[in-house]
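Undergrad: Mind folding the following:
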Amino acid sequence: MNTESRILSQIKQDHLTCHICHGPYMEPKALPCLHTFCTQCLQDFIFSRRYEAGDEFPCPVCRISVTLTKHSVDAFPDNHLVITLMDTVGGELDHNGLSMLVQQNTHLYPSLTSLLDKNTDVQNPQQVHWDEQYVGVAVKNHATPRYNSPVIHNPTITKRNQEIQPRNSERYHTPTALGPPESRIPLQRKLILSNDQYPIQKETNRHGALLGFGQHGKGLADFEQPVGLAVSPDGYIIVGDQRDSRVFMFECNGNLRTVFTCQGHIQDLATNHLGLIYVANTQARKSMVVCYNNRGHTVATFGNFFTYEKPHGIALMSDNHMVITSLETHLVYVLNEYGKMTHKFIGKGKDGKRLNYPYHVTVTKKDKIIVSDYGNDCVKVFDKCGKFKLQFGKSGSKPGQFSGPRGICVDKDNNILVADSRNHRVQAFTSHGQLIRIVMQMTSYDVGAAGCPMNIAMMPDNKLVVLLTSASYSQIRVYPYIIGTR
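TA: The predicted structure follows:
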């Protein structure tokens, strides 16, 4: 490739490629931040998240809030600079990107190029054309298209081409302009099934805890940045580590059973009644939720349309609907068992404030949705449709108050337990928001050495599991939990 071709190719890649579909622009629209996207891509991005007129949505690139008017995507201006650049750089490149798609894939039929160059009988080479029905649909939908052989009207070319091309000339491929498909299943995982090979440091009777295990470090069985915590129906303690996207499974006595790496960037995880692990994922161009079995094999992916979303907390309802919180939009999303969003809500409470950094979420047996509202130092309860029901707690350090509520769970009586992170404790409340007692309070020694309780979960035998983390400390502790309803 000569210098001019390389420069043109680089310009197309840097300035004429949509950040959503990674293909050539089609009807480019510019947001107020000047980031540009295909009209259809921008429309899909907005309406797949159910934004309506008057709502604010984040730019898919810089995350600056943009207000959606009643005229929807049509209200955003065409990027005439990009259109002009497409005309200048692409030569015959038209505004809908068809020419560039064809030019970048002419290598698929080299015999036609050689015939047109060498055959003197060809009087009108322009009679060779592509079936635009497939090309147009492919570019419009940004999917993996299907191309038929060129339609040839010159008998000389037809005869020569039949000698070279296979009889069945219908082909399937992924064009360069749209990029190669991504594998949804990692090709390799590290799976650990031997606790003898990777012993876990364990402690008993530490500051009221029945058991403490795990440590901060860079070993294969160590924690680096643990964030997710869940307990399976059969009592396995599951921890998600954000640093290397690893999922740990421990037996109830602290012995390590399994470790596997997963795709994306872990923020939280949950399990269903079958023991399947649902991981909230925050890496761009990946599914929002990935489901694994207990050996790390991908079972399903959900929320593929949330390309640039950043989910955090996740919980599962009785019908396997997924409840997901977002720190990017400060919303709660509800997806059905097939990954299709049924509704979302902003979570306005009795004080009129919407959710502000809803880190974690849990659900009761009756599918009430309980969210830890970190930014407002409170806990909010909603019904399964997102209708506000209850709010309790306020900023402070007294019993019943919060300073940075994080992990949240319920016991078998639907009492609500909250990890009050900056107050270094776990508090228990009734289902009506009345304080029962402080279940776990870290000592002054622990506060300096172990950091904060960041996430919690309940075991089937009614023990409380607490994830303690700081910049240089990580440990799982199991506490006794005996409490009645009030």
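Undergrad: contacts, neighbours, all on C-alpha from now
TA: Fine.
Undergrad: The helix or strand containing I436: which residues count as buried?
TA: Assigned by DSSP states H and E, I436 belongs to strand 435-441. Residues of strand 435-441 classed as buried: L435, I436, V439, M440, Q441 (neighbour count, 16 or more other C-alpha atoms under 10 Å).
Undergrad: Residue ranges in the protein under the pLDDT threshold?
TA: Along the chain, segments meeting pLDDT under 70 span 1-2, 90-207, 284-286, 305-309, 444-450, 484-486.
Undergrad: quick one, domains of it?
TA: Listed domain ranges for the chain are 3-178, 202-479 (source: automatic domain parsing).
Undergrad: Tell me which stretches of this structure form helices.
TA: 3-15, 39-47, 80-90, 98-103, 110-118, 132-141, 155-164, 444-450 (DSSP state H).
Undergrad: Mind listing residues that contact the strand holding I436?
TA: Residues from elsewhere that reach strand 435-441 (C-alpha atoms under 8 Å, 6 or more residues apart in numbering): P399, G400, H424, R425, V426, Q427, A428, F429, T430, Y479, Y481, R486.
Undergrad: Distance check, the residue most central in space within the chain against G313.
TA: Taking C-alpha atoms, centre = their mean, the centroid of the chain lies closest to M288, which sits 2.7 Å from it. Note on M288: its distance to G313, by C-alpha to C-alpha, to the nearest Å, is 11 Å.
Undergrad: Ok, P24 next?
TA: Counting by C-alpha to C-alpha - P24 and G313 are separated by 35 Å.
Undergrad: Then C33?
TA: 29 Å.
Undergrad: now Q10
TA: With C-alpha to C-alpha as the criterion, Q10 and G313 are 39 Å apart.
Undergrad: more neighbours, the two?
TA: Using other C-alpha atoms under 10 Å, the more surrounded residue of Q10 and G313 is G313, with 29 against 12.
Undergrad: is it true that the more buried one touches T325?
TA: Yes: in this structure G313 lies within contact range of T325 using C-alpha atoms under 8 Å: 5.1 Å.
Undergrad: Now do the shared contacts for the two.
TA: P358, Y359, H360, V361.
Undergrad: For those, pick the one with the most neighbours.
TA: Top of the shared contacts of G313 and T325 by neighbour count (other C-alpha under 10 Å): P358, with 31 neighbours.
Undergrad: So what pairs up with that one in the strands?
TA: D373 (DSSP bridges).
Undergrad: Now for it: which residues touch it?
TA: Contacts for P358 (C-alpha under 8 Å, 6+ apart) come out as G313, T325, S326, L327, H330, L331, V371, S372, D373, Y374, G375.
Undergrad: Now render those residues as JSON lines, adding distance to L81.
TA: Listed next are the contacts of P358 as JSON lines, based on distance: C-alpha to C-alpha, whole Å:
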{"residue": "G313", "distance to L81": "41"}
{"residue": "T325", "distance to L81": "38"}
{"residue": "S326", "distance to L81": "35"}
{"residue": "L327", "distance to L81": "34"}
{"residue": "H330", "distance to L81": "34"}
{"residue": "L331", "distance to L81": "35"}
{"residue": "V371", "distance to L81": "45"}
{"residue": "S372", "distance to L81": "46"}
{"residue": "D373", "distance to L81": "43"}
{"residue": "Y374", "distance to L81": "43"}
{"residue": "G375", "distance to L81": "41"}
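Undergrad: Looking at these, which is nearest Y51?
TA: L331 (11.5 Å; C-alpha to C-alpha).
Undergrad: since we're on C409, how many residues are nearby?
TA: 26.
Undergrad: Can you tell me how far it is from L467?
TA: Taking C-alpha to C-alpha, one finds C409 at 13 Å from L467.
Undergrad: Please, where are all the strands along the stretch 251-400 of the chain?
TA: Along the stretch 251-400 of the chain, counting by DSSP state E, counting those that start in this stretch, strands occupy 256-261, 266-271, 277-281, 289-292, 298-302, 311-316, 322-326, 332-335, 341-345, 358-363, 369-373, 378-382, 388-392.
Undergrad: out of the ones you listed, which comes closest to F76?
TA: Nearest to F76, of these and by C-alpha to C-alpha, is strand 341-345 at 25.0 Å.
Undergrad: Report all helices and strands that that closest one contacts.
TA: strand 332-335 (3 or more C-alpha pairs under 8 Å, 6 or more residues apart in numbering; DSSP states H and E).
Undergrad: send the alpha carbons of stretch 358-366 over as PDB?
TA: C-alpha atoms of stretch 358-366 as PDB (Å, rounded to 0.1, in the frame of the first residue of the first chain):
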ATOM      1  CA  PRO A 358     -27.200   3.100  43.500                       C
ATOM      2  CA  TYR A 359     -24.300   0.700  44.200                       C
ATOM      3  CA  HIS A 360     -26.200  -2.500  45.100                       C
ATOM      4  CA  VAL A 361     -29.600  -4.100  44.900                       C
ATOM      5  CA  THR A 362     -31.400  -7.000  46.300                       C
ATOM      6  CA  VAL A 363     -34.900  -8.500  46.200                       C
ATOM      7  CA  THR A 364     -37.300 -10.000  48.700                       C
ATOM      8  CA  LYS A 365     -39.300 -13.200  48.400                       C
ATOM      9  CA  LYS A 366     -42.200 -11.100  47.200                       C
END
